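> Got a predicted structure plus its sequence, pasted below:
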Amino acid sequence: MRISTKQLFTKSVGAMLEQQHKLGKTQQQVASGKRVLTPADDPTAAVQGLKLAETIALTQQYQANAGRVRDRLSLEESALNNVGNVMQRVRELTVQAGNSTLSKDDRNAIAAEVRQRLDELVGIANTRESNGDYLFAGHQSKTLPFSANGAGGFVYAGDDGQRLAQIGPGRQVVSADSGHDVFRTIANGNGTYAVFDAAANTGSGVINPGSVTNPSAWVADTYTISFTTATTYEVSDGGGTVISTGTYSDGAQIAFQGIQVSVSGVPQTGDAYTVQPSVKQDLFTSVQNLVDNLESYDASAAGFARYGNAMNRILTDIDGGMEHIFTQRSGVGARLNAIDSQQQLNDSHVLLMQTTKAELQDLDYAEAVSRLQLQLVGLQAAQQAFAKVQGLSLFNFLR
């Protein structure tokens with residue numbers, strides 16, 4: 001078979017170029033640390049690697065979400081802790097204000113401090129996040145949530161929406177509670193019912209908040225305890241039907257419909273007290289009621305009875321408010337624990353996927369360096385062989 005000089009040169013150069021191509025690819029693999037540089041190198045590994053990279057990026061986004069939620073919940077937990085501290089001081093002042101030896105000036109001084117505490121509570125409820133959003137405004141995060149209405153009440157301009165954040169596959173967590181849930185859904189009284197004295201009472205009788213003795217016997221209705229004489233009473237339901245009667249004894253229990261209350265002091269004929277199902281009341285109203293009661297103190301016997309009835313009612317409302325805030329804070333703590341757990345799970349998931357991706361696409365340096373050395377020797381041998389062959393010519397032997 002005839003092999004022309006051109007053909008010999010072409011095949012030799014082609015072989016060297018092929019060796020250079022392989023050597024160049026191996027050099028790129030060593031430089032990048034990757035075995036799969038293009039999908040053509042290993043189509044299966046390339047596809048699996050893309051899927052793993054996408055999952056890793058998604059999980060890292062979950063981690064970022066969890067970090068932001070953690071910051072927001074930590075801020076909320078701190079705010080609720082401050083609310084609890086303020087309410088504890090308000091409770092101390094409420095107990096102090098129940099002292100019968102205090103003068104009107106003393107009560108006014110207490111009222112002044114309670115007003116400051118009320119302003120502090122409203123300020124906490126209007127806490128802003130680092131980005132300027134209001135923490136307790138629900139979905140209306142750019143709107144000031146709480147403000148006084150000028151008539152002794154408070155207006156909520158937010159909504160009851162809860163912001164959710166995805167922190168894992170199929171795992172969402174509430175990133176912030178609305179001001180409606182935190183500050184406005186507090187049942188007054190003991191949570192089942194609240195007691196009130198009639199404004200026209202003339203005696204010195206003071207009713208306590210009472211307790212539920214048999215929840216299954218309680219029927220939600222408005223009940224009235226009326227003193228038919230100074231020593232006898234009757235209990236009627238919302239329709240006016242008398243359901244119980246009895247003889248009054250100072251401090252003795254008055255039981256009906258699975259609950260019991262007691263009246264102390266000296267009620268007069270015609271005095272009345274109502275027992276009503278608990279309704280939702282915001283935390284600020286409970287504190288404002290304390291201010292109003294302190295500032296409207298009347299030293300007469302009937303006035304002091306009204307004051308005492310209000311103080312009992314207010315103290316019960318404040319205790320209920322503190323319990324509600326504690327429950328909210330516990331819920332925040334539970335969510336923070338859940339985020340810790342999910343972040344650990346996400347970290348483990350990312351590590352596993354990165355390990356799998358590395359096994360699919362990363363380079364075995366020992367094998368690659370050996371291959372690089374072998375390819376380098378092969379290229380050098382091809383170049384040396386070509387240098388020997390390219391100098392051969394028949395004309396060198398013709399004379």
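Ah, there it is. Just so we're clear, the structure is a prediction, and the values are computed from it rather than from any experiment.
> Would you mark the buried spots in stretch 66-79?
66, 69-70, 72-73, 75-77, 79 (16 or more other C-beta atoms under 10 Å). Glycine gets a C-beta too; all of them are placed from N, C-alpha and C.
> One more: stretch 265-281?
Buried, per 16+ other C-beta under 10 Å, within stretch 265-281: 265, 267, 271-278, 281.
> thinking again about what came up before, what would the buried residues of stretch 66-79 look like in CSV with distance to residue 96?
Below are those laid out as CSV (distance: C-beta to C-beta, whole Å):
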residue, distance to residue 96
66, 45
69, 40
70, 39
72, 37
73, 35
75, 32
76, 30
77, 29
79, 26
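> Pull the most distant pair out of those residues.
Across the buried residues of stretch 66-79, the longest distance by C-beta to C-beta is 20.1 Å; it joins 66 and 79.
> And the strands in the stretch 101-250 of the chain, which stretches?
146-148, 154-156, 163-168, 171-176, 186-187, 193-197, 206-207, 211-212, 223-227, 232-236, 242-247 (DSSP state E, counting those that start in this stretch).
> which helix is the longest one in this structure?
Assignment by DSSP state H gives helix 301-361 as the longest helix of the chain.
> can you give me the mean pLDDT across that helix?
For helix 301-361, mean pLDDT is 91.
> do you know how far residue 193 is from residue 218?
8 Å (C-beta to C-beta, to the nearest Å).
> Common neighbours of the two, please.
212, 259 (C-beta atoms under 8 Å, 6 or more residues apart in numbering).
> of these two, who's got more company?
Of the pair residue 193 and residue 218, residue 193 is the one with more neighbours under other C-beta atoms under 10 Å, namely 26 against 16.
> From the buried residues of stretch 66-79, which land in helices?
Those of these lying in helices (DSSP H): 66, 69-70, 72-73, 75-77, 79.
> Need those residues in CSV (columns: pLDDT and distance to residue 27).
As requested, those are arranged in CSV below (pLDDT from 0 to 100; distance: C-beta to C-beta, whole Å):
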residue, pLDDT, distance to residue 27
66, 93, 42
69, 93, 46
70, 93, 45
72, 93, 50
73, 94, 51
75, 94, 53
76, 94, 55
77, 95, 55
79, 96, 59
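> excluding its backbone neighbours, what's nearest residue 245?
In space, residue 245 comes closest to residue 234 once its chain neighbours are excluded; the distance is 4.6 Å by C-beta to C-beta, 6 or more residues apart in numbering.
> and the one you found, how many neighbours does it have?
14.
> How confident was the prediction at it?
Residue 234 is given a pLDDT of 96.
> Does it touch residue 242 like I think?
Yes. Contact criterion C-beta atoms under 8 Å: residue 234 and residue 242 qualify, at 5.1 Å.
> Between those two, which contacts overlap?
Common contacts of residue 234 and residue 242 (C-beta under 8 Å, 6+ apart): none found.
> ok, back up a step: of the buried residues of stretch 265-281, just say which sits nearest to residue 111.
Closest to residue 111, out of all of these and judged by C-beta to C-beta, is residue 281, at 19.7 Å.
> State the phi and psi torsions of that closest one.
phi -140, psi 140 (degrees, to the nearest 10).
> still on that earlier bit, which one among the buried residues of stretch 66-79 gets closest to residue 169?
residue 66 (12.6 Å).
> separation between that closest one and residue 108?
Counting by C-beta to C-beta - residue 66 and residue 108 are separated by 50 Å.
> same thing with residue 195?
Residue 195 is 27 Å from residue 108, by C-beta to C-beta.
> Look at the two and report which has more neighbours.
Between residue 195 and residue 108, residue 195 has the larger neighbour count (other C-beta under 10 Å), namely 23 against 13.
> Quickly list what the more buried one is bridged to.
In this entry, residue 195 is beta-bridged to residue 275, by DSSP bridges.
> can you pull out the helices in the stretch 101-250 of the chain?
Assignment of helices within the stretch 101-250 of the chain using DSSP state H, counting those that start in this stretch yields the ranges 104-125, 179.
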